[in-house]
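A.B. asks: this one's structure only:
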């Protein structure tokens, strides 16, 4: 595993990336498929400590891909002006902790970010815990941003 790339809030580019990682609701998680081609999917996520935390259905392709190869990337949309690029490359891992265990720690942040989305889908938090029971953590070691 490569060394972690720390995002420094004193650096303007990093500070903008950190703000977007905390605020944006959708990010794209890219993994390497079994055929060697990239596999990218939109995900709900939290920036937790110095990692991207997302929850997945345990049988999803991204989970299978990460079990084979931990190399991954995470990126946000380019913003309304198309000029706010943030791409994180790093190693991702399947957490030993379940989504339920994680939710006990991050529930307030998750509710603050996704209550409207849950309501729109007609879901509740328990559905996330039950159906998206696999937690994925991506620790960046490189960032492309401006």
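C.D. replies: Cool, got the structure. Just so it is clear, the structure is predicted and the values come from calculations on it, not from any experiment.

A.B. asks: just checking, residue 137 touches residue 52?
C.D. replies: Yes: with contact taken as C-beta atoms under 8 Å, residue 137 and residue 52 are classed as touching, separated by 7.0 Å. Bear in mind the C-beta positions are built from the backbone N, C-alpha and C, glycine included.

A.B. asks: ok, those two, which is more surrounded?
C.D. replies: Comparing residue 137 with residue 52 by other C-beta atoms under 10 Å, the one with more neighbours is residue 52, at 22 against 19.

A.B. asks: Contact partners for the more buried one?
C.D. replies: 21, 27, 29, 45, 46, 74, 88, 137, 138, 140 (C-beta atoms under 8 Å, 6 or more residues apart in numbering).

A.B. asks: Take the residues you listed and keep only those in helices.
C.D. replies: Within the contacts of residue 52, membership in helices is found for residue 21, as judged by DSSP state H.

A.B. asks: and the contacts of residue 52 as TSV, adding pLDDT?
C.D. replies: Conversion of the contacts of residue 52 to TSV gives the following (pLDDT from 0 to 100):
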residue	pLDDT
21	90
27	95
29	98
45	97
46	98
74	96
88	92
137	98
138	97
140	94
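
A.B. asks: burial of residue 110, as a residue count?
C.D. replies: Counted with other C-beta under 10 Å, the neighbours of residue 110 add up to 22.

A.B. asks: same thing with the one 3 residues further on?
C.D. replies: Neighbour count of residue 113, defined by other C-beta under 10 Å: 18.

A.B. asks: ditto for the one 4 residues further on
C.D. replies: One way to gauge burial is a neighbour count; for residue 117, by other C-beta under 10 Å, it gives 12.
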